[in-house]
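Chemist: Show me the folded form of this:
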Amino acid sequence: MANHLTPTELAREAGLKRREVLSKCIELGVPVFKGRIDKSLFMASIAGRGPGHSRGGSGDLIVGGTAAASAA
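Modeler: Below is the predicted model:
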C-alpha cells in the first residue's frame with residue numbers, strides 16, 4: 001500500500017474533499033512534495049489536532065513547549 005498519495009487519493013481515504021486536504025496541509029504544515037502527501041504524517045497531524053492544540057487555555061501561543069504571550 002502506497003504511503004505518498006495525491007491530494008485526491010488522500011481525500012478519498014480520509015473522507016474529506018480534495019480542497020480540505022490541501023487546506024489542512026497548509027494549516028498544519030504538512031509538506032506536499034512533487035504533488036504527493038505523506039499519508040502517515042497527514043493522518044498523525046489531523047489526529048494530534050484537537051481543541052486548544054495550538055493555543056494555550058489563556059490564548060497564549062505555544063512555542064517549543066512553553067507558552068509565549070501573544071502580542072495582541
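Chemist: show me where this protein has strands.
Modeler: 4-5, 32-33, 36-38, 61-63, 66-68 (DSSP state E).
Chemist: Please list the residues outside the second one that contact it.
Modeler: Going back to what we said before, that points to strand 32-33. With contact meaning CB atoms under 8 Å, 6 or more residues apart in numbering, strand 32-33 is reached by 4, 7, 22, 25. In short, each C-beta sits where N, CA and C put it, glycine included.
Chemist: what mean pLDDT does that strand have?
Modeler: Mean pLDDT, strand 32-33: 95.
Chemist: Strand partners (parallel or antiparallel) of that strand?
Modeler: strand 36-38 (antiparallel) (DSSP bridges).
Chemist: got the CA positions of stretch 12-21 in CSV?
Modeler: Written as CSV, here are the backbone C-alpha positions of stretch 12-21 (Å, rounded to 0.1, in the frame of the first residue of the first chain):
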residue,chain,number,x,y,z
ARG,A,12,-10.8,9.6,-0.7
GLU,A,13,-9.1,7.7,2.1
ALA,A,14,-9.6,10.4,4.7
GLY,A,15,-13.2,11.1,3.8
LEU,A,16,-12.5,14.7,3.0
LYS,A,17,-12.7,16.9,-0.1
ARG,A,18,-9.5,17.5,-2.1
ARG,A,19,-9.6,21.2,-1.2
GLU,A,20,-9.9,20.4,2.5
VAL,A,21,-6.9,18.1,2.3
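Chemist: Buried residues in it, which are they?
Modeler: 14, 16, 21 (16 or more other CB atoms under 10 Å).
Chemist: now swap in stretch 41-51 and tell me
Modeler: Of the residues in stretch 41-51, 41-42, 45 count as buried by neighbour count, 16+ other CB under 10 Å.
Chemist: In TSV: the residues you listed, plus distance to Phe33.
Modeler: Converted to TSV, these look like this (distance: CB to CB, whole Å):
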residue	distance to Phe33
Leu41	11
Phe42	12
Ser45	15
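Chemist: Much appreciated, bye for now.
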